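Chemist: Sequence plus the predicted model coming up.
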Amino acid sequence: MGLFNFFTKEKKETLDKGLEKTKESVFKKLSRSFIGKSKIDDNFLDELEEILITSDVGVETTLKIIERIENRVEKDKFLDSNELQNILQEEITLLLAENDNEVSDDFLNSTKEAPYVIMVVGVNGVGKTTTIGKLAHLFKNAGKSVVLGAADTFRAAAVEQLCIWAERVDVPIIKQKMGADPAAVAYDTLASAKKTGADIVIIDTAGRLHNKINLMNELSKIKRVMQKISPDAPHEILLVLDASTGQNAFEQAKQFTKATEVNALALTKLDGTAKGGVVIGISDQFKIPVKYIGIGEKIEDLQIFRKKEFVDSLFGE
């Protein structure tokens, strides 16, 4: 059994509930548009395009989906409305699969050295610190030892919030005084984890985008300092995005992928929005694996992103 790949009935129910608003407002429109349709014509495609764009799938990804559906219908000559819906569901799943955005089985066990270092980036307010706490819980439940690093030293609230999560999850946290050098905190965190033989290090970073040069320099410095202890660190740079912001999440992804080498994504607050289609668009446009999705406020409501289960939940029965 893999580290995270055991998908229980309870997790499926939580996923269904978390995506309920998107499913109700968007994908039920899709279902209604299929009723009585025996062929795909221009009017149907226009309607489908509008529904996908208004669900924040994004224009480029929407056009790509439309083109794929046209090709499928031309090739296979589907007529039944249920088959039309199946085509859309399959093509969205295939689109996600092409981006290889699924956590591999036992991905941590394939790393050459411990600890596995995750540097978490994202603007303030997207749920970054909460995601770190829930990630720590996820890893701890998988039998891994975790150390947190409070390297967002420019906001006292960020350090305090991370300390609360560390206490709640019962994992150690390394911190310094307000205004301390973030790279120094990251260094101390990794040194402590190395000394104690911890499996996972999760480093919080400042969420500022108003000055990209400073942000880029700061993140680069954190990486350089950690590499003095672990040459491959960080193994993962996880960008946290708020799904409820829709197109603004796309813009944040653009800015952060320019500032640093993001290689994993977490989409939060999916339970509070009808814009769940943003997961599909961001995954397609940036070709970066979506690893985690936040679908509720409970500590266990951060889930591993599984493309097939995600699309199945969006379309429902």
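Modeler: Structure received. Numbering: from 1, shown residues only.

Chemist: Tell me what residue 303 is bridged to.
Modeler: residue 293 (DSSP bridges).

Chemist: Which helix or strand contains residue 86?
Modeler: If you go by DSSP states H and E, residue 86 is part of helix 81-98.

Chemist: Buried residues, that helix. List them.
Modeler: 81, 84, 85, 87, 88, 89, 91, 92, 93, 95, 96 (16 or more other C-beta atoms under 10 Å). Bear in mind the C-beta positions are built from the backbone N, C-alpha and C, glycine included.

Chemist: Residues contacting that helix, please?
Modeler: 30-31, 34-38, 40, 48, 61, 64-65, 68-69, 72-73, 78, 280, 283-284, 307-308, 310-312, 315 (C-beta atoms under 8 Å, 6 or more residues apart in numbering).

Chemist: Send me stretch 266-274 as CSV with only the CA atoms.
Modeler: Extracted as CSV, the C-alpha positions of stretch 266-274 are listed here (Å, rounded to 0.1, in the frame of the first residue of the first chain):
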residue,chain,number,x,y,z
ALA,A,266,-2.0,23.2,-3.6
LEU,A,267,-5.4,24.7,-4.3
THR,A,268,-7.3,25.7,-1.1
LYS,A,269,-10.8,26.7,-0.2
LEU,A,270,-12.5,24.6,-2.9
ASP,A,271,-15.4,24.0,-0.5
GLY,A,272,-16.3,27.7,-0.3
THR,A,273,-16.4,28.4,-4.0
ALA,A,274,-18.2,27.6,-7.2
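
Chemist: what mean pLDDT does it have?
Modeler: Stretch 266-274 comes out with an average pLDDT of 89.

Chemist: can you map out the strands along the protein?
Modeler: All strands of the chain, identified by DSSP state E, fall at 116-121, 146-150, 173-174, 200-204, 236-242, 264-268, 290-294, 302-304.

Chemist: export the ones you listed to JSON lines and tack on distance to residue 248 and mean neighbour count?
Modeler: Formatted as JSON lines, those follow (distance: least, C-beta to C-beta, whole Å; neighbours: other C-beta atoms under 10 Å):
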{"stretch": "strand 116-121", "distance to residue 248": "16", "mean neighbour count": "25"}
{"stretch": "strand 146-150", "distance to residue 248": "26", "mean neighbour count": "27"}
{"stretch": "strand 173-174", "distance to residue 248": "30", "mean neighbour count": "22"}
{"stretch": "strand 200-204", "distance to residue 248": "21", "mean neighbour count": "28"}
{"stretch": "strand 236-242", "distance to residue 248": "8", "mean neighbour count": "24"}
{"stretch": "strand 264-268", "distance to residue 248": "13", "mean neighbour count": "25"}
{"stretch": "strand 290-294", "distance to residue 248": "16", "mean neighbour count": "24"}
{"stretch": "strand 302-304", "distance to residue 248": "21", "mean neighbour count": "21"}
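
Chemist: To residue 9, which of those lies closest?
Modeler: Closest approach to residue 9 among these (C-beta to C-beta): strand 302-304, 13.6 Å.

Chemist: before we move on, the earlier item: could you dump the strands of the chain to a markdown table with distance to residue 164?
Modeler: A markdown table is the format used below for those (distance: least, C-beta to C-beta, whole Å):
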| stretch | distance to residue 164 |
| --- | --- |
| strand 116-121 | 16 |
| strand 146-150 | 11 |
| strand 173-174 | 10 |
| strand 200-204 | 13 |
| strand 236-242 | 18 |
| strand 264-268 | 18 |
| strand 290-294 | 17 |
| strand 302-304 | 16 |
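
Chemist: closest one to residue 134 among these?
Modeler: Of those, nearest to residue 134 by C-beta to C-beta is strand 302-304, at 3.7 Å.

Chemist: residues in contact with the closest one?
Modeler: Applying C-beta under 8 Å, 6+ apart, the contact partners of strand 302-304 are 4-5, 11, 14-15, 103, 131, 134-135, 137-138, 266, 291-295.

Chemist: Can you list phi and psi of the residue nearest to residue 26 when sequence neighbours are not counted for me?
Modeler: Leaving aside its sequence neighbours, residue 26 sits nearest to residue 55 (C-beta to C-beta, 6 or more residues apart in numbering; 4.0 Å). The phi and psi torsions at residue 55 (degrees, to the nearest 10) take the values phi -90, psi 10.
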